[in-house]
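>>> what's the 3D shape of this:
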Amino acid sequence: MTEDNKRAAGQEVDLEDMVASSDSGARKPSGTPGKLLVSIAAAWSLFQLWIASPLPFMLGFGVFNATESRSIHLAFALFLAYMAYPALKRSPRDRIPVQDWVLAAAAAFCGAYMFMFYEQLAQRPGAPILQDVIIGVAGILLLLEATRRALGPPLMIIASIFIIYSLAGPYMPGILSHRGVSLYGLVNHQWLTTQGVFGIALGVSTSFVFLFVLFGALLDKAGAGNYFIKVAFSLLGHYKGGPAKAAVVASGMTGLISGSSIANVVTTGTFTVPMMKRVGFSAEKAGAVEVSSSVNGQIMPPVMGAAAFLMVEYVGISYVEVIKHAFLPALISYIALIYIVHLEALKAGLQGLESSNPPKPLVRKAIGFLGGLLLMMITALVVYYGLGWLKPVLGGATPWVVAAGLAVIYVGLLKVASRYPELELDDPDAPIYKLPQTRPTVMVGLQFILPVIVLIWCLMVERLSPGLSAFWATVFMVFIILTQRPITSIFRGRSDMAADLREGVMDLWSGLVTGARNMIGIGIATATAGIIVGAVSQTGVGLVLADVVEILSMGNLMLILIFTAVLSLILGMGLPTTANYIVVSALLAPVIVQLGEQNGLLVPLIAVHLFVFYFGIMADVTPPVGLASFAAAAVSGGDPIRTGFQAFYYSLRTAALPFLFIFNTDLLLIDVTALQGVLIFVVSTIAMLIFAAATQGFMIARNRWYESIVLLLVAFTLFRPGFWMDQLHDPYQEIPPAQFVEALGSVDEESTLRLQILGEDDFGDPLTTYMQLPVPSGETGEERLENLGLELIIEEDRAVVDMVTFGSEASDLGFDFDQEIIQVLAPVDRWTKELMWIPAFLVFGLVVMLQRRRRDRDAAAASA
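You can find the predicted model right below:
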C-alpha cells in the first residue's frame, strides 16, 4: 500500500470515528456483545414505531401513556449510551467492559423506573419515599455520566451547576439567592414528575424526533443520499464553480436525511470537497462551502433539526406553522450561498467540470425548466383537488385507495428507473471525472421523492401530528427498502428474488440500527437539558436572570439580542444544537419578549425561538470549536481553524437573518397574504444577494469600499423598508387615554391599536409594557369594549381597568385589574412602507452601472 493510500485510509477511519463519537457512538464490539448492541438498537426503533402507530389502540394492548413512553425511551437511550460510547479515549472499542454492562443495566433500570412503578408513584404524588430518592439520585448521576460520554463535559457541567444551585440556594450571593430545595424535593421535581428530566424536551424526542431521524436513516440506506448528490452534480456541476454549487444543493437535500451537521458534512463532503478542489477551490474554501451548506440543512423545511419539533411545544403552534415561518429565511439563505459560491468562482476565474449532457441552446433550457415546473404545479393541483374530491366520495376507503394509487405510481417509477443504469458510488479521488447525464440520473431514483411527498401531504394537507406523519412516511419507506430491488430486477430481466429480498431486509435492519444509534445523543441531550429547565421552574432563576440581563443590556433590545446570540455561540461550542436551543430558549426567550414589550417592540414568540435556533446551529461553524468545520477540514486536508473562519464568513447571511426577522416579521410570513408572501420572497432574495455581494467584496467587478457600504444600506432598506418610512412619517397618532373608547369605535375592525400599560410585575414593582390590541367587532366603541371583555373607569384624563371578564380576549391579551392605560396609539393613513424599495433599487442600479463601466474599461485595457 502506498503512502497516499495509507493516508487516505487513515483519514477515512478518522472521519468515521469523528461521526461515530459525535452521533452514534464509537464502540463497535464483535461477537455476542456486538449482536446484542445492534439488536437493542433495532428494538428501540421498533418500539418507537409501535407507539407511534394506531396498532396499540386497534389491538387493545401495548398502549403507553406519555410518561411511560418517555421513561422507556430514556431507558433505551441510557443503556445504549453506556454500551456504544467508551468512558475514556483509551477505553476499549472492540469490546464492552464489565463495569459498562453494570452501569448500562443500572441506568436503564433508573430510566424505566417511572414506567415500572407508575401506579405506585401515582398514589404518592409529591411524597417520595427513600427508595424513590435513591433511584432518583442514582438516575441523575448516571444520566450526567452518559451525557459526558455521548456529548462531552460541557452539558454535564452546566446541568451539574443548576443542580448545585437548586440545593445551595440560601448560600448564594445577592439576587442569586433563593430559599433552596431539599434533596427529596429536587428528586421529586427532576426525576418523578414531568417538570424535569421527563419534561417537554424528552417528550418531543419520544414523540416526534426519533421517527424523523429513523425516516432519514432508512431513506439513506435505500440509496437516496447518493441519488441526491448525483442529481445535484448532474444539474449544476458544469457551471462556474459548479461542484461547489452542487455541494450546496446536495447538502440541502441531504438535510432531509440527516439532522446532524457533522454527518451531513461527511456524507456529502467526501464526494463534493475533492470535486471543488479539482476546479480550483482551496482546501479551506472547499471545506467552508461544505460546512455552510451542511449546517443550513438543519433549518431547511420540511424536515428540520430536532429543535424545530421542540418549538411546537414551547411556542404552542403546529409544526406546519413552524415550517411556514422558517421556510422563507432558510430558502433565501441557501440561494445566497449558491450566489456566494458563484462570486468566488468569478473572482478566481474558476470553471465547472466537463458535462456529459448534449449542449442545449438557452431557449431550450428555459423551456425545459419552465415545462418541468409547470408539470410539477399541474401534478400538485391534480393530486390536491383530486384527493379533495375523492375523500367525500370514498369516505373511510380513501386511505386504501390512496395507498393503492401510491403503489401503482411507485411501480411505474421503478419501471422507468429500470430503463437506465443503476447509480454507482463514484470514487471522488479518481484522476478523471465526468459529470453524469442529467436525465438518466434524475429518472433512476424518482421513487425516493414519494416518501417525502407522503410526509409533506400528511403534515400539511391531512394535518396529522408530526409523529403520525413521520410514521406513515417511514412505513412507506420500509415498503420501498424491501421491494425496490426485487421489482427493479424483474423489470431488468435478471431477478434473483431470494437474494434481493435478503438484501432489502439487511438494509432495513441496518436502517433501524442506524436510526436508533443516531438518536442516542439526542435522547440524552433532551433528558439532561430537562434538568436545566426543571431547575429554572423550581428555583425561579429565570426571573433573576431577566433582571441581570436587563441590567447588562440597560433595557436595550438590540443589546439583549446580541447578548443572546453570543451566549448561544459560546454554549454551542460544547452543546449539541438541540440542548443549546433548550437551554437558551428556556433562559432568555421570555426575557427578550418581556424586554420587547417594555421597549415598544412586540416580538412574536416564534421569532425569538427561531433567533435562538439559528445561532444554535451557527455554533457548529464558529471557531475555535466548530465541530462541522473540523470534520470538513479532515475531508479537505485544510486547516480546521482557517476553514472555520472562512465558513463563518460565508455564514454571515445566516447570522444576519435572525436580527432582520426580529424587527421585520414579514420575513417569517406572519400576517401576510399569499401575494404579499411572493413579493416579500422576491425582494428578500434580491436583498440577500446584495448583502452577499457586499460582504464578499465582489459583484460585477471587485467592490470599492464605499460600494460595499452602499450595498449594505440597500440590502437593509429592502429587508426593513419600515425603518426609513417610520423616520419620515410616524405610523401612529397619539390619542388621550380618556378617549380610548371613542378611538376603539372609530378605527376599522381589521386594524389594531397600540397601548402602553402601567401595571405591576410579579414583585409588586411598577412595570410599563406595550400591547397590540386587535379591534373587536361591534358597531360602537362601547359595544366593542364589551365584546373585548373589558370595563374601564374614566377619570378626567385617566383610563383605569376596572374589570376583566374571565376567559375573554382582554384576559388572553394580559389585561388585569387596576392597570392604567397611559398611552393610546391609533394607526394613521400613510404611504406604504414598500415605497422605500424604489430609491433602494435606484441606488443599486447606480452601483451596477458603475461596476459595469469599470469592468468594461478593465477588459478593454487588458485586451489592448
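>>> List of residues touching stretch 767-782?
594, 597-602, 741-761, 784-788, 809, 813-814, 822 (C-beta atoms under 8 Å, 6 or more residues apart in numbering). Using the backbone N, CA and C atoms, a C-beta is placed for each residue, glycine as well.
>>> can you check stretch 307-316 too?
200-201, 203-204, 208-209, 212, 298, 317-319, 322, 326, 466, 526, 577-578, 581-582, 585, 589, 605-606, 609-610, 613, 616.
>>> Over to stretch 497-505?
Contacts of stretch 497-505 (C-beta under 8 Å, 6+ apart): 481-486, 489.
>>> and which of those residues is nearest Ala127?
For these, the residue nearest Ala127 by C-beta to C-beta is Ile481; the value is 49.6 Å.
>>> circling back: name only those of the contacts of stretch 307-316 that count as buried.
Among the contacts of stretch 307-316, those classed as buried by 16 or more other C-beta atoms under 10 Å are 200-201, 203-204, 208-209, 212, 298, 317, 319, 322, 326, 466, 526, 577-578, 581-582, 585, 589, 605-606, 609-610, 613, 616.
>>> Could you list the buried residues of the helix or strand hosting Lys324?
Element membership for Lys324, per DSSP states H and E: helix 319-348. Using 16+ other C-beta under 10 Å as the burial criterion, the residues of helix 319-348 that qualify are 319-346.
>>> That one - contacts with which helices or strands?
In terms of contacts (3 or more C-beta pairs under 8 Å, 6 or more residues apart in numbering; DSSP states H and E), helix 319-348 is packed against helix 242-254, helix 283-295, helix 306-311, helix 449-460, helix 605-618, helix 652-663, helix 674-696.
>>> sorry, back to before: can you list the contacts of stretch 497-505 in CSV and add secondary structure and neighbour count?
Shown next, in CSV, are these (DSSP: H, G, I helix; E, B strand; the rest coil; neighbours: other C-beta atoms under 10 Å):
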residue, secondary structure, neighbour count
Ile481, helix, 23
Leu482, helix, 17
Thr483, helix, 18
Gln484, helix, 22
Arg485, helix, 23
Pro486, helix, 19
Ser489, helix, 17
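>>> Which member of those is positioned nearest Val265?
Ile481 (25.1 Å).
>>> need the contact list for that closest one.
Per C-beta under 8 Å, 6+ apart, neighbours of Ile481: 218, 221-222, 504, 507-508, 511.
>>> before we move on, back to that, please narrow the contacts of stretch 767-782 to those residing in helices.
594, 597-598, 741-746, 784-788, 809, 813 (DSSP state H).
>>> isn't Pro421 right up against Val444?
Yes: proximity of Pro421 to Val444 meets the contact threshold set by C-beta atoms under 8 Å, at 7.4 Å.
>>> Give me the more crowded residue out of the two.
Taking neighbours as other C-beta atoms under 10 Å, Pro421 and Val444 compare with Val444 leading, 25 against 12.
>>> Skip ahead from the helix or strand where Arg502 lies and say which helix or strand is next.
Secondary structure assignment for Arg502, by DSSP H and E: helix 497-539. Toward the C-terminal end, the helix or strand that comes next after helix 497-539 (DSSP H and E) is helix 541-553.
>>> Just name the shakiest helix or strand of the chain by mean pLDDT.
Least confident helix or strand, the chain: helix 3-19 with a mean of 49, by mean pLDDT, DSSP states H and E.
>>> who are the neighbours in contact with Ser811?
Per C-beta under 8 Å, 6+ apart, neighbours of Ser811: 789, 804-805.
>>> now do Val804
Val804 touches 789-791, 810-811, 815-817, counting by C-beta under 8 Å, 6+ apart.
>>> one more time with 7 Å
789-790, 810-811, 815-817 (C-beta atoms under 7 Å, 6 or more residues apart in numbering).
>>> Low-confidence stretches in the stretch 151-300 of the chain?
254-261, 263-264, 267 (pLDDT under 70).
>>> now the helices: where do they sit in it?
153-167, 183-191, 200-204, 210-221, 224-236, 242-254, 261-278, 283-295 (DSSP state H, counting those that start in this stretch).
>>> Next, the contact list for Ala66, please.
Here Ala66 is in contact with Gly203 (C-beta under 7 Å, 6+ apart).
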